[in-house]
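Student: 3D, please:
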Amino acid sequence: SLAFQEPLFASQLSYAHTPPPELACARMAGYSIPSFLIGQRTNGAVVSSATLVAASGSGAASLGSYCRVSGQIRPIDPTAPDINFLVNLPVEWNRKAMMFGGAGFDGEQVFINFVHAGTSTQLSPQGRGYAVFGSDGGHVQTEPFIFGRDGSFAVNDEALDNYASQALKKTRDVAINIITSYYGR
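Tutor: Okay, the predicted model is just below:
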(Lines give C-alpha, C1' and ligand atoms only; values in the text may rest on other atoms or scores of the structure.)
Protein backbone atom coordinates (compact mmCIF):
# COMPACT_ATOMS: atom_id res chain seq x y z
CA SER A 1 0.00 0.00 0.00
CA LEU A 2 1.16 3.51 -0.79
CA ALA A 3 1.10 6.10 1.95
CA PHE A 4 0.32 9.69 0.95
CA GLN A 5 3.04 12.08 2.00
CA GLU A 6 2.29 15.76 2.46
CA PRO A 7 4.61 18.11 0.53
CA LEU A 8 7.36 19.70 2.60
CA PHE A 9 7.21 23.48 2.90
CA ALA A 10 9.71 25.98 4.29
CA SER A 11 7.74 26.19 7.54
CA GLN A 12 8.47 22.50 8.16
CA LEU A 13 12.20 22.70 7.56
CA SER A 14 14.69 22.92 10.36
CA TYR A 15 17.94 24.72 9.65
CA ALA A 16 21.16 23.54 11.28
CA HIS A 17 22.65 27.02 10.95
CA THR A 18 21.51 30.48 9.97
CA PRO A 19 23.09 31.86 6.79
CA PRO A 20 24.63 35.35 6.92
CA PRO A 21 22.04 38.13 6.34
CA GLU A 22 23.47 39.01 2.90
CA LEU A 23 23.01 35.46 1.65
CA ALA A 24 19.62 34.95 3.32
CA CYS A 25 18.33 38.18 1.73
CA ALA A 26 19.83 37.57 -1.71
CA ARG A 27 18.21 34.14 -1.97
CA MET A 28 14.76 35.72 -1.57
CA ALA A 29 15.02 37.46 -4.97
CA GLY A 30 12.95 35.52 -7.47
CA TYR A 31 11.25 33.50 -4.72
CA SER A 32 7.73 32.50 -5.73
CA ILE A 33 4.67 31.50 -3.76
CA PRO A 34 2.25 29.16 -5.55
CA SER A 35 -1.42 30.11 -5.60
CA PHE A 36 -2.47 27.16 -3.43
CA LEU A 37 -0.58 28.68 -0.47
CA ILE A 38 -2.64 31.89 -0.69
CA GLY A 39 -6.06 31.74 0.94
CA GLN A 40 -7.83 33.74 -1.79
CA ARG A 41 -7.77 33.04 -5.53
CA THR A 42 -4.64 34.37 -7.27
CA ASN A 43 -2.12 33.29 -9.85
CA GLY A 44 0.54 33.12 -7.15
CA ALA A 45 3.11 35.68 -6.10
CA VAL A 46 6.71 36.46 -6.92
CA VAL A 47 9.46 38.41 -5.16
CA SER A 48 10.87 40.93 -7.63
CA SER A 49 13.62 42.29 -5.40
CA ALA A 50 15.33 41.58 -2.09
CA THR A 51 17.90 44.03 -0.77
CA LEU A 52 19.79 44.08 2.52
CA VAL A 53 19.46 47.59 3.98
CA ALA A 54 22.07 48.81 6.47
CA ALA A 55 21.12 49.99 9.95
CA SER A 56 20.19 53.67 10.05
CA GLY A 57 18.77 56.43 12.18
CA SER A 58 19.16 57.20 15.84
CA GLY A 59 16.92 57.41 18.86
CA ALA A 60 13.26 56.74 18.07
CA ALA A 61 14.06 56.71 14.32
CA SER A 62 16.60 53.90 14.72
CA LEU A 63 16.28 50.84 12.48
CA GLY A 64 18.55 47.83 12.58
CA SER A 65 19.64 46.25 9.31
CA TYR A 66 16.89 44.42 7.44
CA CYS A 67 16.04 42.64 4.21
CA ARG A 68 13.60 44.69 2.11
CA VAL A 69 11.51 42.27 0.01
CA SER A 70 9.10 43.55 -2.62
CA GLY A 71 7.01 41.77 -5.19
CA GLN A 72 3.65 41.21 -6.77
CA ILE A 73 0.64 39.00 -6.15
CA ARG A 74 -0.73 38.05 -9.57
CA PRO A 75 -4.48 38.42 -10.23
CA ILE A 76 -6.77 35.84 -11.82
CA ASP A 77 -8.23 38.42 -14.23
CA PRO A 78 -5.46 39.38 -16.69
CA THR A 79 -6.85 42.94 -16.87
CA ALA A 80 -6.70 43.44 -13.09
CA PRO A 81 -3.60 45.03 -11.59
CA ASP A 82 -1.12 43.14 -9.42
CA ILE A 83 -1.10 43.64 -5.67
CA ASN A 84 2.31 45.18 -4.96
CA PHE A 85 3.63 44.15 -1.55
CA LEU A 86 6.55 45.01 0.69
CA VAL A 87 7.99 42.94 3.55
CA ASN A 88 10.81 44.23 5.79
CA LEU A 89 12.65 41.42 7.59
CA PRO A 90 14.86 42.64 10.47
CA VAL A 91 18.17 40.84 10.96
CA GLU A 92 17.43 40.99 14.71
CA TRP A 93 13.88 39.59 14.59
CA ASN A 94 11.65 39.41 17.69
CA ARG A 95 9.60 36.53 16.14
CA LYS A 96 6.57 38.79 15.66
CA ALA A 97 5.01 40.43 12.61
CA MET A 98 2.82 43.46 11.98
CA MET A 99 0.79 44.40 8.90
CA PHE A 100 0.40 48.01 7.83
CA GLY A 101 -2.22 49.41 5.49
CA GLY A 102 -2.80 52.43 3.31
CA ALA A 103 -5.30 55.25 3.58
CA GLY A 104 -8.18 56.59 1.52
CA PHE A 105 -8.38 54.66 -1.72
CA ASP A 106 -4.91 53.25 -0.98
CA GLY A 107 -3.05 52.73 -4.26
CA GLU A 108 0.39 53.63 -2.97
CA GLN A 109 3.11 51.45 -1.55
CA VAL A 110 2.35 51.13 2.13
CA PHE A 111 3.58 53.43 4.83
CA ILE A 112 5.66 50.77 6.53
CA ASN A 113 6.51 51.88 10.06
CA PHE A 114 4.41 55.02 9.94
CA VAL A 115 2.22 54.77 13.03
CA HIS A 116 -0.57 57.35 13.10
CA ALA A 117 -1.16 57.13 16.82
CA GLY A 118 1.53 56.82 19.40
CA THR A 119 4.44 58.66 20.80
CA SER A 120 7.23 59.95 18.58
CA THR A 121 9.76 59.01 21.26
CA GLN A 122 9.14 55.27 20.84
CA LEU A 123 10.82 53.01 18.31
CA SER A 124 8.69 51.97 15.33
CA PRO A 125 7.53 48.33 15.23
CA GLN A 126 10.38 47.45 12.84
CA GLY A 127 12.78 49.30 15.12
CA ARG A 128 11.59 46.97 17.89
CA GLY A 129 12.32 43.90 15.75
CA TYR A 130 8.95 43.20 14.13
CA ALA A 131 8.83 41.89 10.57
CA VAL A 132 6.52 44.46 8.95
CA PHE A 133 4.54 44.17 5.74
CA GLY A 134 1.77 45.66 3.65
CA SER A 135 0.55 46.30 0.12
CA ASP A 136 -0.92 48.92 -2.19
CA GLY A 137 -4.39 47.32 -1.87
CA GLY A 138 -4.25 45.93 -5.40
CA HIS A 139 -4.04 49.08 -7.49
CA VAL A 140 -1.75 52.01 -8.16
CA GLN A 141 -3.04 55.56 -8.17
CA THR A 142 -2.28 57.45 -11.35
CA GLU A 143 -1.48 61.11 -11.85
CA PRO A 144 -3.13 63.51 -11.59
CA PHE A 145 -4.83 62.65 -8.33
CA ILE A 146 -5.66 64.24 -5.05
CA PHE A 147 -4.23 62.00 -2.33
CA GLY A 148 -6.55 59.11 -1.61
CA ARG A 149 -9.25 60.00 -4.15
CA ASP A 150 -8.44 58.03 -7.32
CA GLY A 151 -11.12 55.35 -7.56
CA SER A 152 -10.64 54.52 -11.25
CA PHE A 153 -9.42 51.02 -10.34
CA ALA A 154 -12.97 50.10 -9.24
CA VAL A 155 -14.17 49.44 -12.81
CA ASN A 156 -12.37 46.08 -12.57
CA ASP A 157 -14.24 43.61 -10.34
CA GLU A 158 -11.12 41.84 -9.04
CA ALA A 159 -9.34 45.14 -8.32
CA LEU A 160 -12.41 46.34 -6.41
CA ASP A 161 -12.62 43.06 -4.44
CA ASN A 162 -8.91 43.31 -3.62
CA TYR A 163 -9.33 46.88 -2.40
CA ALA A 164 -12.49 46.06 -0.44
CA SER A 165 -10.97 43.16 1.50
CA GLN A 166 -9.15 40.42 -0.37
CA ALA A 167 -5.78 42.18 -0.66
CA LEU A 168 -5.47 41.97 3.13
CA LYS A 169 -5.69 38.17 3.25
CA LYS A 170 -3.61 37.69 0.11
CA THR A 171 -0.86 40.00 1.39
CA ARG A 172 -0.88 38.38 4.83
CA ASP A 173 -0.56 34.87 3.38
CA VAL A 174 2.30 35.88 1.07
CA ALA A 175 4.11 37.78 3.85
CA ILE A 176 3.83 34.90 6.33
CA ASN A 177 5.23 32.54 3.69
CA ILE A 178 8.15 34.90 3.02
CA ILE A 179 8.80 35.40 6.75
CA THR A 180 8.77 31.63 7.31
CA SER A 181 11.05 30.99 4.38
CA TYR A 182 13.51 33.71 5.42
CA TYR A 183 13.76 32.83 9.12
CA GLY A 184 13.06 29.10 8.85
CA ARG A 185 10.22 29.37 11.37
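
Student: and the next element down the chain from the helix or strand bottoming out on mean pLDDT in the chain?
Tutor: The weakest-scoring helix or strand in the chain, judged by mean pLDDT, DSSP states H and E, is helix 157-161 (a mean of 76). Sequence order places helix 167-183 as the next helix or strand after helix 157-161, per DSSP states H and E.

Student: I'd like the distance from that next one to the chain centre, please.
Tutor: 6 Å (CA atoms, centre = their mean, to the nearest Å).

Student: re the thing from before, for the least confident helix or strand of the chain, list every residue counted as buried.
Tutor: Glu158, Ala159, Leu160, Asp161 (16 or more other CB atoms under 10 Å). (Glycine included, C-beta is placed from N, CA and C.)

Student: So which of these is the closest to Asn94?
Tutor: Using CB to CB, Asp161 is the member of the buried residues of helix 157-161 that lies nearest Asn94, at 33.4 Å.

Student: Identify the residues contacting stretch 122-132?
Tutor: Applying CB atoms under 8 Å, 6 or more residues apart in numbering, the set of residues contacting stretch 122-132 from outside is 57, 60-64, 66, 87-90, 92-94, 96-100, 112-115, 175, 179, 183.

Student: ok, now stretch 86-97?
Tutor: Counting by CB under 8 Å, 6+ apart, 21, 25, 63-70, 109-110, 112-113, 126, 128-135, 175-176, 178-179, 182-183, 185 sit against stretch 86-97.

Student: cutoff 6 Å now
Tutor: 21, 64-70, 109-110, 112, 126, 129-133, 175, 178-179, 182 (CB atoms under 6 Å, 6 or more residues apart in numbering).

Student: Reformat the buried residues of helix 157-161 as a markdown table; add distance to Ile38.
Tutor: As requested, those are exported to a markdown table (distance: CB to CB, whole Å):
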| residue | distance to Ile38 |
| --- | --- |
| Glu158 | 14 |
| Ala159 | 17 |
| Leu160 | 19 |
| Asp161 | 14 |
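
Student: Now the buried members of the contacts of stretch 122-132.
Tutor: For the contacts of stretch 122-132, a neighbour count by 16+ other CB under 10 Å gives the buried set as 63-64, 66, 87-90, 93, 97-100, 112-113, 175, 179, 183.

Student: what residue ranges in the chain score low on pLDDT?
Tutor: Within the chain, the ranges that satisfy pLDDT under 70 run 1-18, 102-119, 138-155, 164.

Student: Show me the strands in it, by range?
Tutor: Assigned by DSSP state E, the chain shows strands spanning 32-33, 45-53, 66-73, 83-90, 97-99, 131-135.

Student: any idea how far Pro125 is from Gln72?
Tutor: According to CB to CB, to the nearest Å, Pro125 and Gln72 sit 24 Å apart.
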